[in-house]
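**Q** Everything below, folded, please.
(2 chains)
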Amino acid sequence: MDLTTLILTVASLGGLYMAWTIGANDVANAMGTSVGSGALTLRGAIVVAAIFEFGGAMLVGGSVTNTIRKGIVDVETLGSDPMVMAIGMTCCLLAAALWLNLATYAGWPVSTTHSIVGAVVGFGVTAGGVEAVDWGTVGSIAASWVVSPVMGGLLGYALFIFLQRTILTAPDPVAAITRWGPILVFPIISILALSAMFKGLKPLRLDLALGPALILALLLGLAASAIAVPIFARFARRSVDSKDAALGRTEKVFMVLQIMTACFVAFAHGSNDVANAVGPLAAVFGAIKGDGITETVQVPYRVLLIGGVGIVVGLATYGYKIMATIGKKITELTPSRGFAAEFAAATTIVVASKMGLPVSTTHTLVGAVVGVGFGRSIGAINMRVLRGIFASWFITVPFTALLAAALFAAARAALL
Amino acid sequence: MRIPLANLLVRSPLPQVSLLMEAVQRCVDSLPTLIDLLIAGDRAGLERVAREVSVLEGKADGTKNELRTRMPVRLFLPVDRRDLLRLIRQIDAIANCAEDVGVLLTLRPYEVPEEIEPLLRDFVGAVMTVVASAGELVDMMDELMGAGFAGKTAEVAMAKANEIGRLEHEADKLQDRCAKALFRAEDTMSPVSIFMWTKVLNKIGSIANHAENVGDQFRLFVAAS
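**A** Residues are numbered from 1 along each chain as shown, chains lettered A, B, ... in the order given. From the prediction side, this is the model:
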């Protein structure tokens, strides 16, 4: 076996392994709130996740992939040998995957995103020195890790307070949701459509500039709202006698909205997190194909495919288990709270991925749930988890950086 | 397994407050029996029922302790943790007073002036109403949490707290009438007897006071939003 095949094989396996972890673990986090609140069955959640994760990865996954591949390390400083890039990125995948495996085993709430970014930084410093790493980009990525949970939290809080004022505490909640339901459908569909069409959907040649994408997204949102009006009206026609029954019925409506946001979350997750696995893989492919390490073309389509397939396989083979655990543990999240948290998290993630910032889905979702909790609506939140997440910011990146650096140094000595 | 989201949400200790209230109400439920036995002069019966109340109070204490251990500092709750602990203390105090009434009645034989009998029954009845009202308020905890301590549900809870205050005032007036009846008969009774009667009346009155404090504590929950 020659060196190229060896590296390609190891890198592909590493990428698949990363994607598998993401599918098995992260996706469960993303879909857990819907399963817990009863909006989706376990089976339904897996189907939704499979379709929309794959869709998000294939249609929007490109922009974050580019950041991980090219934004962090300055390729000019790596010399002219494309093998340096190929071996380095393979080491990054292995380092990140190893760390994830270890953290999963130990039960630490680390992020796949943080792992891979840390690894790429470690490789960059080893291969090209401290100047090889674009610290500005790394800084903005690191800042987005703090900003995204906070942003998710603020959005979640605002959305929940809004729902509470207008619907949940209204004298007639069913009438209120009939009025507000279609209006809530509008932003869900619009933002989802906007994120798919603006700089996305490249494979379908539908990537539009901001202007046309915005107009089209708004039109789609309006159309969805119009369709939703009679559906909600039909829902409200059946009368309810007691206040409790009315609230129960309102939560049922939120289940529908939550299923929509669950699709949105899966889509956002696919668009953001697939890059963790395929970003480095794309770099390996690019380097070995002989395009040189300065190539600027789009991420190869089949590399995104590997990531998408890996996620779905991870979900199918192991994700159901974690999803069942999560679903059982977070049953106290009612559909209205779940909806607020999911919508806030998904919006934050989509906006961040559009800006090319890899953020942690799990951390953002945790931030959003805590934000909803600040609306005094969630029974109890374990703040220790937040401490764990906070600690993982400080441990994950240095650890994967060191690991990737060590792996790369060893591989360079052995192979080149 | 690293599942931050699953570990983030914890089972809330709040619904358990209703359990504590139920345990406390079981103690208070023995109060009319105690008074009946007092009026009938059945000392053996008083001993027996007072012991029962004591056992029930111990059970309520167990529930209280369990509730407290489920409230570590690392939990982020929709209500102020200190307010919640104060609420638990007030609910628990109701049971303690009920137990004390039982103990006081077994300490010595009591002469019961005839005039006080109907008033005493009314007084205890009024105190029971206050406690029952507080129980209804505690049962609203779940619903209040569902509504995020705001809106219509919060208004209903506030109204309930006001009602408890009013009922407690009624019980207070009845306590005063009992005391007056007692002192009208003071010439026929020993000073020690009068002294002990005053203690008993105050203890029964305290039950209503603590029940009222439960209502006030709920006011704080709602006001904090």
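**Q** center of chain B, which residue is that?
**A** B:Ile94 (3.0 Å; Cα atoms, centre = their mean).
**Q** sec struct for it, please.
**A** Put simply, B:Ile94 is helix when judged by DSSP: H, G, I helix; E, B strand; the rest coil.
**Q** do the same with B:Glu114
**A** Criterion first, three-state DSSP; result for B:Glu114: coil.
**Q** distance of it from chain A?
**A** 49 Å (Cβ to the nearest Cβ, to the nearest Å). (Each C-beta comes from the backbone N, C-alpha and C, glycine too.)
**Q** burial count for that residue?
**A** 9 (other Cβ atoms under 10 Å in any protein chain shown).
**Q** Equivalent analysis for B:Ala185, please.
**A** Neighbour tally, B:Ala185, other Cβ under 10 Å: 17.
**Q** wait, it sits on B:Ile116?
**A** Yes. At 7.3 Å, B:Ala185 counts as touching B:Ile116 under the criterion of Cβ atoms under 8 Å.
**Q** nearest spatial neighbour of B:Val156, skipping sequence neighbours?
**A** Excluding its sequence neighbours, the residue lying closest to B:Val156 (Cβ to Cβ, 6 or more residues apart in numbering or on different chains) is B:Met140, at 7.1 Å.
**Q** Per-residue pLDDT of that neighbour, please?
**A** With respect to pLDDT, B:Met140 has a value of 91.
**Q** Spell out which residues of the stretch 251-400 of chain A are next to chain B.
**A** Counting by Cβ under 8 Å from any Cβ of the partner chain, the stretch 251-400 of chain A comes close to chain B at A:322, A:325-326, A:329-330, A:332-334, A:362-363, A:365-366, A:369-370, A:373, A:375-386, A:388-389.
**Q** So which of the residues you listed are in strands?
**A** A:381-382 (DSSP state E).
**Q** Only the buried members of the residues of the stretch 251-400 of chain A next to chain B: can you turn that into a PyMOL selection?
**A** PyMOL command restricting these to the buried ones, with burial defined by 16 or more other Cβ atoms under 10 Å in any protein chain shown:
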select buried, chain A and resi 322+325+326+329+330+332+333+334+362+363+365+366+369+370+373+375+376+377+378+379+380+381+382+383+385+386+388+389
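**Q** returning to what we had before: residues in contact with the residue nearest to the centre of chain B?
**A** For B:Ile94, the contact set (Cβ atoms under 8 Å, 6 or more residues apart in numbering or on different chains) comprises B:24, B:27-28, B:131, B:134, B:207, B:210-211, B:214.
**Q** Out of the residues you listed, which comes closest to chain A?
**A** Closest approach to chain A among the contacts of B:Ile94 (Cβ to the nearest Cβ): B:Val214, at 19.6 Å.
**Q** In space, what's closest to the residue of the stretch 301-416 of chain A at minimum distance from chain B - neighbours in sequence excluded?
**A** Scanning the stretch 301-416 of chain A for the residue nearest chain B gives A:Gly379, at 2.4 Å (criterion: Cβ to the nearest Cβ). Closest residue to A:Gly379 apart from its sequence neighbours, by Cβ to Cβ, 6+ apart: B:Ser12 at 2.4 Å.
**Q** check contacts around the one you found.
**A** B:Ser12 neighbours (Cβ under 8 Å, 6+ apart): A:332, A:378-380, B:77, B:145.
**Q** can you tell me how far it sits from A:Thr331?
**A** 11 Å (Cβ to Cβ, to the nearest Å).
**Q** for A:Asn272, same thing?
**A** For A:Asn272, the distance to A:Thr331 - Cβ to Cβ - is 27 Å.
**Q** who's more crowded, those two?
**A** Applying other Cβ under 10 Å to A:Asn272 and A:Thr331 shows that A:Asn272 carries more neighbours, namely 31 against 13.
**Q** my guess is A:Val313 contacts A:Thr21, does it?
**A** No. Counting by Cβ under 8 Å, A:Val313 stays clear of A:Thr21, with 11.1 Å between them.
**Q** If you count surrounding residues, which of those two has more?
**A** Between A:Val313 and A:Thr21, counted using other Cβ under 10 Å, the more crowded position is A:Thr21 (23 against 17).
**Q** which non-adjacent residue is nearest the more buried one?
**A** A:Leu100 (5.2 Å).
**Q** Now the strand or helix carrying B:Arg48: buried residues?
**A** Secondary structure from DSSP states H and E places B:Arg48 in helix B:43-69. Residues B:46, B:49-50, B:52-53, B:56-57, B:60-61, B:63-64, B:67 are the ones in helix B:43-69 that count as buried (16+ other Cβ under 10 Å).
**Q** and A:Gly15, how many residues sit next to it?
**A** With other Cβ under 10 Å as criterion, A:Gly15 counts 27.
**Q** Packing partners of the one helix or strand B:Phe183 maps to?
**A** Using DSSP H and E, B:Phe183 sits within helix B:151-184. Here helix B:151-184 touches helix B:116-139, helix B:141-146, helix B:191-223, going by 3 or more Cβ pairs under 8 Å, 6 or more residues apart in numbering or on different chains; DSSP states H and E.
**Q** of those helices, which approaches B:Arg82 most closely?
**A** Closest of the helices and strands packed on helix B:151-184 to B:Arg82 is helix B:191-223, at 9.7 Å (criterion: Cβ to Cβ).
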